[in-house]
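Need the 3D shape of this:
(one chain, ligands or ions: 1)
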Amino acid sequence: MNYTITPIFLGSVDLDKGDSLKGTPHGVPLKVVYSCFVLRDEKREPILVDSGLMSQKDIREQQLPYRAMDDAPDLLDALRLAGVDPEEIKTCILTHLHYDHACNLRLLPSLEKIYVQQKEILYALAPEKEDYRLYMLGENCGRIEWLDGVGKFVIVDGDVPIREGIDVILTPGHSRGSQCVLVDTAEGKYILTGDTVAQWESFEKRIPNSISFDDEIWHASCEKIAAAGAKLLPSHEVGVFERKVYG
Ligand SMILES: [Zn+2]
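As a prediction, this is how the structure comes out:
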């Protein structure tokens, strides 16, 4: 089964490369996008990979400790702009449960199944204090939006087929239970790497993201991704948006 992959633009921000890629010198600008992806085939309803960050309205009005961006649409507007009807989405795969990947679940009325790795859920429920903000658990972090998925989570452990032509593989490193999504397309296999690999450069030069709980484990996950023999679509890579659709 072949799918098309549509990247959904959720905002962008200019960062310093030294703050984003471990051990990289400061002073070099890095444009970082926020994104999620929609997988489509002719027969079945679309699948959403990641559900994005919270609304800009919430960030600004509640002064949440997350980046406000001028060019960031809310998830539903972004989906509609890409020709996706949010009401058609019954299945979501979350690469991990960080605030910029696992919000908005309550806004998708038809959602039935949300695939998450067991290791990610277990860690998100009781993380190290320094990771509270990433999982929306701090006192000033607003709603813990990923918890809106309770009752719909399909908890997987390891490398698991989701449907014909779509598989998830466990790739810890950035977070304890990060997973990547392998997708068959007419152009061959693609892999949606979430934040395991947030930018192409991170993979090509094997430089872990500044958020990485264990670099050795991360390197092993990179080799697993390489072994999949697929083209990478990282979640924060601006170059991904040079095309409207893949496959
Ligand atoms: Zn992350």
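
give me the beta-bridge partners of V116?
For V116, the beta-bridge assignment (DSSP bridges) gives partners I155.

Quick check, it in contact with L97.
Yes - between V116 and L97 there is a contact at 6.8 Å, judged by Cβ atoms under 8 Å. From N, CA and C alone the C-beta is placed, and that goes for glycine too.

quick check: longest helix of the protein.
Taking DSSP state H as the criterion, the chain has its longest helix at helix 215-227.

residues of that helix that come out buried?
Buried residues in helix 215-227, counted by 16 or more other Cβ atoms under 10 Å: 218, 221-222, 224-225.

what's the closest of the residues you listed to the ion?
Checking the buried residues of helix 215-227 against the ion with Cβ to the ion, the nearest one is W218 at 12.4 Å.

pLDDT value on the closest one, please?
Note for W218: predicted pLDDT of 97.

Report the contact partners of it.
Neighbour list for W218: 172-174, 196, 208, 212 [criterion: Cβ atoms under 8 Å, 6 or more residues apart in numbering].

measure the closest residue to it other than its chain neighbours to I89 for me?
Leaving aside its chain neighbours, W218 sits nearest to G173 (2.8 Å; criterion: Cβ to Cβ, 6 or more residues apart in numbering). To I89, G173 is 28 Å away according to Cβ to Cβ, to the nearest Å.

Of those two, give the one with the bigger neighbour count.
For G173 versus I89, neighbours defined as other Cβ atoms under 10 Å are more numerous around G173 (24 against 20).

where's the residue nearest the centre of the chain relative to L233, distance?
Nearest to the geometric centre of the chain sits G194, at 4.0 Å (Cα atoms, centre = their mean). Distance, G194 to L233, by Cβ to Cβ: 10 Å.

of the contacts of W218, closest to the ion?
Using Cβ to the ion, H174 comes nearest to the ion of the contacts of W218, at 5.6 Å.

In contact with that closest one, which residues?
H174 touches 96, 194-196, 198, 208-209, 211-213, 218, counting by Cβ under 8 Å, 6+ apart.

Sitting in helices, which of those do you find?
Among these, the ones falling in helices (DSSP H) are W218.

Out of the contacts of H174, which are close to the ion?
Counting by Cβ under 5 Å from the ion, D195 from those sit close to the ion.

in the lowest-mean-pLDDT helix or strand in the chain, what's buried?
Within the chain, no helix or strand scores below helix 17-20, which has a mean of 86 by mean pLDDT, DSSP states H and E. Of the residues in helix 17-20, 17, 20 count as buried by neighbour count, 16+ other Cβ under 10 Å.

what distance separates it from the centre of its chain?
Helix 17-20 sits 19 Å away from the centroid of its parent chain (Cα atoms, centre = their mean, to the nearest Å).

do whichever helix or strand comes after that helix and the ion meet?
Per DSSP states H and E, the first helix or strand lying C-terminal to helix 17-20 is strand 29-40. No - contact between strand 29-40 and the ion is absent, the nearest approach being 10.6 Å (criterion: Cβ under 5 Å from the ion).
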